[in-house]
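[1] requesting a structural model of the entry that follows:
(one chain, ligands or ions: 2)
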Amino acid sequence: MSTKTIEEKQYLVRFKADHKSHLTIIDHDICLTQCPDKLCTLFCPGEVYKWEGKRMQVGYEGCHECGSCRIGCPTQNIKWEYPKGGYGVIFRLA
Ligand code: SF4
Ligand code: SF4
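    Ligands and ions are numbered 1, 2, ... in the order given. I've put the predicted structure just below:
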């Protein structure tokens with residue numbers, strides 16, 4: 001049995017993105033003033049969050065739906081919902 005690295009497993013993940021984000025930053029000023037380490041850019045496995053100077057960009061299309069941002073954001077500043085039915089991440093095990 002072969003053992004795959006995380007990077008190899010990532011290639012098996014597919015996404016069907018909705019046109020509307022299921023992730024919302026509630027208040028960008030909170031990210032700017034109350035979260036110096038921009039923690040979501042560190043814990044999100046999908047690298048969804050990118051800090052662009054004064055604002056958090058959210059690449060929701062690459063979300064793995066792990067739910068970490070619901071508990072990982074220290075100020076509960078991320079509104080998180082499951083993508084609409086039929087959209088979102090598709091995991092393959094092969
Ligand atoms: Fe903003 Fe929360 Fe991300 Fe911190 S972890 S930058 S408060 S969304
Ligand atoms: Fe990133 Fe997981 Fe949150 Fe999706 S649910 S944005 S993959 S931390």
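
[2] mind listing what the spatially closest residue to residue 20 that is not a sequence neighbour touches?
    Counting by CB to CB, 6 or more residues apart in numbering, residue 84 is the residue found nearest to residue 20 once chain neighbours are left out, at 7.7 Å. In short, each C-beta sits where N, CA and C put it, glycine included. Contact analysis of residue 84 by CB atoms under 8 Å, 6 or more residues apart in numbering lists 18, 20, 22.

[3] for residue 92, see how far away residue 84 is.
    Distance, residue 84 to residue 92, using CB to CB, to the nearest Å: 21 Å.

[4] what's the answer for residue 81, then?
    Residue 81 is 24 Å from residue 92, by CB to CB.

[5] cool, and residue 8?
    In terms of CB to CB, residue 8 sits 12 Å off from residue 92.

[6] show me the helices in the chain, by range?
    6-10, 28-34, 40-43, 68-72 (DSSP state H).

[7] just put those in TSV and tack on mean neighbour count, distance to residue 49 and mean pLDDT.
    Conversion of the helices of the chain to TSV gives the following (neighbours: other CB atoms under 10 Å; distance: least, CB to CB, whole Å; pLDDT from 0 to 100):
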stretch	mean neighbour count	distance to residue 49	mean pLDDT
helix 6-10	10	17	69
helix 28-34	14	9	97
helix 40-43	16	4	97
helix 68-72	15	8	93
